[in-house]
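Student: Sharing a model that was predicted from the sequence below.
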Amino acid sequence: MHGGEEQVGFHAQHIKNVVRDFRKDNLGLNDAQAGLDLLHRLEEESGGNFFIRTLIDEEGRLKCLLWVDPRSLLAYKNFGDVVAFDTTYRTNRYDMPFVPFTGVNHHYQSVLFVFALMRDELKTTFEWVLGTWLEAVEGKAPLAFITDQDQAMTGAIQSQYRTRHICCVRGTLDRWKALILKYKLEDNTWLQGLYNLKHKWIDAYTRNIFSADQKITSRSEGMNAFFDAYVGSCTGLKEFVEGAQKALERQFMCEKEGDYNTRHKIRCMRMKTALEQHAASIYTKEMFKKIQDQLVEDAK
């Protein structure tokens, strides 16, 4: 009709974007209510310890949903010094960003602190999520946040928390300058903006910030892959909540397995020194391996 595909004013991705926006704006009433009913039932069964908050827009539609399981709240109290999160996970029927707040436990396993679904990624939306989560954890902010370079997210963190913020890019100034000169990128505005944030990602500025050895958002990305086993692109809100709770149960089963291995499995001594034996007696199995590797490296 138009003389070729290149003559058409839109393509398949444009159509996908329209469908995505329609789904966001038309979160099914019945589905939303079924999901909220499930969350409130979990809250009732927990004796009121299950934290739930919703944000409704001016048209009465669900804009944001955040919930914290009591087990996640306890995990945050124990392991919440460093929190990583991103908004790249969108496996649900409405293509709403799923925001996993993650950390690491005493077995160096990923642990999820909070579930949040958002309709958009505006600064005000991030502020609501961060402020609501701060309410859930009784005002205890982490020592450091690890995120990507999203400006809205960065602005929200600065407005809600007095904590260190680390970007997931890593590098050194020498390598940066060599990259700029090699590819003649002196006038690239995006790279200039990234350089202005050097105090959040250059090793010389961030090496003194405790990060639990997770200076990239791979923990969050790994949690995204973990959730793929429980939710899919056609998952509605109720099914998403059910899948999230199953994933959380599996997560804590992994922690119990780590506890069992720590108590009952013998450590293999590589140096047979008093320091190595002492470390084996006080650290979990996985943490001991990290210390043992460092001891062996230092002995070379």
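Tutor: Nice, thanks for sending it over. Numbers count the residues shown, from 1 in each chain.
Student: send the alpha carbons of stretch 119-130 over as CSV?
Tutor: Extracted C-alpha coordinates of stretch 119-130, given in CSV (Å, rounded to 0.1, in the frame of the first residue of the first chain):
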residue,chain,number,x,y,z
ARG,A,119,3.9,1.9,36.6
ASP,A,120,6.6,4.4,35.6
GLU,A,121,10.2,5.4,36.4
LEU,A,122,9.7,9.1,37.3
LYS,A,123,11.7,10.7,40.2
THR,A,124,8.5,11.2,42.2
THR,A,125,7.7,7.4,41.8
PHE,A,126,11.1,6.4,43.0
GLU,A,127,10.7,8.8,45.9
TRP,A,128,7.5,7.1,46.9
VAL,A,129,9.1,3.7,46.7
LEU,A,130,12.2,4.7,48.7
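Student: what does that stretch contact?
Tutor: For stretch 119-130, the external contacting residues (C-beta atoms under 8 Å, 6 or more residues apart in numbering) are 24-25, 27, 55, 57, 62-64, 66, 87, 94, 96-97, 99, 116, 118, 150-153, 155-157, 159-161. Backbone N, C-alpha and C define where each C-beta goes, glycine included.
Student: now with 7 Å?
Tutor: The contact list for stretch 119-130 (C-beta atoms under 7 Å, 6 or more residues apart in numbering) reads 24, 55, 63-64, 66, 87, 96-97, 99, 116, 118, 152-153, 155-157, 159-161.
Student: Then stretch 71-88?
Tutor: With C-beta under 7 Å, 6+ apart as the criterion, stretch 71-88 contacts 51, 97, 99-105, 111-114, 121, 136-137, 140, 142-148, 210-212, 214, 217, 219-220, 224, 248, 252.
Student: Any stretches of the stretch 201-300 of the chain with poor pLDDT?
Tutor: 215-225, 232-234 (pLDDT under 70).
Student: what ranges do the helices span in it?
Tutor: Shown for the stretch 201-300 of the chain, the helices assigned by DSSP state H, counting those that start in this stretch span residues 203-206, 218-227, 237-264, 274-282, 285-299.
Student: For the third one, what is the distance to the chain centroid?
Tutor: In terms of C-alpha atoms, centre = their mean, to the nearest Å, the centre of helix 237-264 is set 17 Å apart from its chain centre.
Student: Out of the contacts of stretch 119-130, which sit inside strands?
Tutor: The strands, defined by DSSP state E, take in 55, 63-64, 66, 116, 118 from these.
Student: Scan those residues and report the most crowded one.
Tutor: Counting neighbours by other C-beta atoms under 10 Å, A116 leads the ones in strands among the contacts of stretch 119-130 with 25 neighbours.
Student: Now for that one: which residues touch it?
Tutor: Neighbouring residues of A116 by C-beta under 7 Å, 6+ apart: 64-66, 99, 129.
Student: pLDDT check: weakest of these?
Tutor: Of all these, V99 carries the smallest pLDDT score, 81.
Student: Not including adjacent chain positions, what is the nearest residue to that one?
Tutor: Leaving aside its sequence neighbours, V99 sits nearest to A116 (C-beta to C-beta, 6 or more residues apart in numbering; 4.2 Å).
Student: Dump the contacts of A116 into a markdown table; add distance to T262 as well.
Tutor: Below are those laid out as a markdown table (distance: C-beta to C-beta, whole Å):
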| residue | distance to T262 |
| --- | --- |
| C64 | 38 |
| L65 | 36 |
| L66 | 33 |
| V99 | 31 |
| V129 | 34 |
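Student: From the residues you listed, pick the one nearest N261.
Tutor: V99 (31.2 Å; C-beta to C-beta).
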